[in-house]
Structure formats: C-alpha cells, structure tokens
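1. need coordinates for the below:
(chains A and B)
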Amino acid sequence: MNITTIITGIFLTMGCFFSVVAAIGVVRFPDFYSRMHPAGKNDTLGQTLILTGLIIYEGFSFISIKLLLIIIFIFIVNPTATHAIAKAAYLAGVKPWEKKGSK
Amino acid sequence: MFNASAIAIVLATFLVLYRAIKGPRMYDRALAVNVIGTKTVVILALIGFIYKRPHFLDIALVYALMNFIATFAILKYIERGRLD
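-> From the prediction side, this is the model:
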C-alpha cells in the first residue's frame, strides 16, 4: 500500500462520489434544463477525477498519455454536446419549469 | 479498488438509464444517452486497468468520439426526422 495507491484511491473515491451524485441529480431534478447541470457535472468532474487517479496509478508512460488525451478530449467535447442539446431543446420550445405560485 | 469504483459507476449508469427510459421528452433521453456514454468511457478505462490490458484505453477514446457524434445524430434526427 504505497503512497501512489493511496492517492489513486482518494481520486477514485472522489470521482465515483461525483459520478453517483450526478446520476442521482439527473434522475431527481424537476425540469430538463435543471437536469443538464448534473449531467455536465458528471462529464467534466466525475471522469476527470477518476482518469487522473488512473494516471497517478500508472506513473509516466504511454498509457498515461492516452489517458490524458481522453481527459482533454472529453473536457472539450462534452460541454459542446450538452450545449447542442440545450439549444435544440430551447428552439423546439421546451419551457423551463416554474414553481406553482410564482406567476 | 478498481473493482469497487467500476461497480459504483455501473450502478450510477442504471440510475441514468431509468431517466433515459422515463424521460418525458426526447431531449431528456438524448441527455441521458450522452451521460451514459461518458460513464461507459470511464468504465472501459477502469476495466482496462483491472485486467491489465492497456489497449482498452484506445477503445475508450474511440467510444468517446462516437458518443459525441451519436448525440448530434440523435438531435438532428429529432429535429428533422431524417438524417441525410
């Protein structure tokens, strides 16, 4: 149980925590637009922490470079996809949810 | 350690799958498919580490690419009903 395994364990637990919380958020949030917030959270934070934990576990090698490539790619690409979904939904006329007594 | 996190993420994927099935509108489903795709990438990387097979990471990278394109294909199909 040297130091790198412990650090990887910490990163993995944090990443899994954010991933599970994001999944619960996607299920429980009331409206489509509010559901996008945890979806984005999982894409960026959840996968970055887990894959960084794997990089630390792997040390310096080609595998770490591949992992870094995956992290950077998802970090750039997924917000674009989430934005595209939001724009498509908004143009299609999906109304954001309002609290009952707010009108 | 890797097994535990892989199992946790698979269980989280089932939660998002519930949203994909129940989602009232097509856009919730497109969003859920996007989230499941990212989780699959992470699971693939973890399995690659569990079985000590580094080439799983190439599969994970290709899956991330396809997941992005699939989201846009779904959106285009919803909007126009045709893909060409």
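2. ok, now which ones touch the nearest residue to residue A:19 once chain neighbours are set aside?
-> Excluding the flanking residues, the one nearest residue A:19 by Cβ to Cβ, 6 or more residues apart in numbering or on different chains is residue A:46, at 3.8 Å. C-betas here are computed from N, CA, C, even on glycine. If you count contacts by Cβ atoms under 8 Å, 6 or more residues apart in numbering or on different chains, residue A:46 has them with A:15, A:16, A:18, A:19, A:22, B:38, B:39, B:42.
3. quick one: contacts for residue A:11?
-> Counted by Cβ under 8 Å, 6+ apart, residue A:11 has contacts A:49, A:50, A:52, A:53, A:56.
4. of the contacts of residue A:46, which pair is most distant in space?
-> A:16 and B:38 (13.7 Å; Cβ to Cβ).
5. tell me which of these two has more neighbours.
-> Between residue A:16 and residue B:38, counted using other Cβ atoms under 10 Å in any protein chain shown, the more crowded position is residue B:38 (27 against 24).
6. find the residue closest to the more buried one in space, skipping its chain neighbours.
-> Of all residues not flanking residue B:38 in the chain, residue A:43 sits nearest, at 4.9 Å (Cβ to Cβ, 6+ apart).
7. okay, which residue is most central for chain B?
-> Centroid-nearest residue in chain B, with Cα atoms, centre = their mean: residue B:37, separated by 1.2 Å.
8. all helices for chain B, in order.
-> B:2-22, B:26-50, B:56-80 (DSSP state H).
9. just put those in CSV and tack on mean pLDDT.
-> Supplementary listing: these in CSV, determined by pLDDT from 0 to 100:
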stretch, mean pLDDT
helix B:2-22, 91
helix B:26-50, 92
helix B:56-80, 91
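10. looking at those, spot the one closest to residue A:10.
-> That would be helix B:2-22 among the helices of chain B, by Cβ to Cβ, at 11.5 Å.
11. so residue B:71 makes contact with residue B:30?
-> Yes: using Cβ atoms under 8 Å, residue B:71 is in contact with residue B:30, at 6.3 Å.
12. against which helices or strands is the helix ranked longest in chain A packed?
-> Criterion DSSP H: the longest helix present in chain A is helix A:62-91. Counting contacts by 3 or more Cβ pairs under 8 Å, 6 or more residues apart in numbering or on different chains; DSSP states H and E, helix A:62-91 packs against helix A:32-41, helix A:47-58, helix B:26-50, helix B:56-80.
13. so which of the helices of chain B is the most packed in?
-> Mean neighbour counts were compared across those using mean count of other Cβ atoms under 10 Å in any protein chain shown; the top stretch is helix B:26-50, at a mean of 23.
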